[in-house]
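Chemist: Provided below are the primary sequence and the corresponding predicted coordinates.
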Amino acid sequence: MADRLVVVLARCTDLRAEVDPLSGAITRDPRTAAFSASDAAAIEHGLRIGSAWGARTLVVTAGGVECEGPLREVLSLGAEVRRVPTRGSYVDELATDERALAKSLVAAIGGRPDLVLCADRSADRGTGALPAFVAHELGVVQAPGLVSLELDGEDLVAERRLDYGRRERMRVPLPAVCSVEAAGIRLRRASLPASLAAATAEVPVADVPVPGPAVRVLGARAARPRPRHLPAPTGSSRERLLALTGALLSHEPPTVVGPVAAPEAADALLEFLARNGYLSEARTGWTVQ
């Protein structure tokens, strides 16, 4: 049937983001924005299944204008593309409610898809919760963590990775939401004429409510331990230098605790922290200095 629809929800982000070790600030370059290996595998699965069914393949992503370059590359492969705009900084985007994002993505599809494909987890968030929210909004089944997808007539046969090197083969009833891993499949390359034609193509932007942050982010910084008040060294310059460096102090040798139960191990850890001045033991329990 020509009216069938295969939707791929792909996440476009900077795969080479830099993090300041002192301030925790994240710097992303729009020129290096791309799809992760799992997102590329989901797109390739969508193109193959769409071609076998004679169906439309629609790739939808949420992000800013930096996503239009990778979307044009997908456009050159013969798929339709659509972008859901986002707002705020990268930290605000991480605080966005993923259920609200799933509602916006489902609204941007504009139809009932026969199959929704996405990565098992994104390269930046890494929660893997979005496919479940999308399946809930569509009211369909979900098949997570798939390493392969095959067509058996009109049925979809999937293989999922299990513990201890095992595999599980299952027949997925349609419609469904399937999240795939980057295993044994690579995204195809477009021809040169198709790439040149898509280089200046306009990427459609979905007119849907833009999800805002679920929590208000006041600031982001690297975690630092609390400062400790130590007495100033006294004596001559040599004595003060030795006191500051601790060259003449006897250090406590490493202690092996165990095997013990969890309560005994916790007590040993608290005793070590109290012995080194990080905790103080009161009658009501342990308090942080």
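Modeler: Now that the structure is in, tell me what you want to look at.

Chemist: which regions of the stretch 51-200 of the chain sit below the pLDDT cut-off?
Modeler: For the stretch 51-200 of the chain, applying pLDDT under 70 flags the ranges 87-96.

Chemist: Mind jotting down where the helices sit in the stretch 1-150 of the chain?
Modeler: Counting by DSSP state H, counting those that start in this stretch, the segments of the stretch 1-150 of the chain that form helices are 37-53, 68-75, 90-94, 98-109, 130-138.

Chemist: Now distance to residue 122 and mean neighbour count too, for these, in JSON lines please.
Modeler: From N, CA and C alone the C-beta is placed, and that goes for glycine too. Below are these laid out as JSON lines (distance: least, CB to CB, whole Å; neighbours: other CB atoms under 10 Å):
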{"stretch": "helix 37-53", "distance to residue 122": "8", "mean neighbour count": "22"}
{"stretch": "helix 68-75", "distance to residue 122": "14", "mean neighbour count": "22"}
{"stretch": "helix 90-94", "distance to residue 122": "11", "mean neighbour count": "17"}
{"stretch": "helix 98-109", "distance to residue 122": "10", "mean neighbour count": "20"}
{"stretch": "helix 130-138", "distance to residue 122": "8", "mean neighbour count": "20"}
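
Chemist: longest single strand anywhere in this protein?
Modeler: strand 141-152 (DSSP state E).

Chemist: Next, format the helices of the stretch 1-150 of the chain as JSON lines and append distance to residue 200.
Modeler: Listed next are those as JSON lines, based on distance: least, CB to CB, whole Å:
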{"stretch": "helix 37-53", "distance to residue 200": "21"}
{"stretch": "helix 68-75", "distance to residue 200": "8"}
{"stretch": "helix 90-94", "distance to residue 200": "28"}
{"stretch": "helix 98-109", "distance to residue 200": "23"}
{"stretch": "helix 130-138", "distance to residue 200": "31"}
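
Chemist: mind checking which of those helices is nearest residue 161?
Modeler: Closest approach to residue 161 among the helices of the stretch 1-150 of the chain is made by helix 37-53 (12.8 Å; CB to CB).
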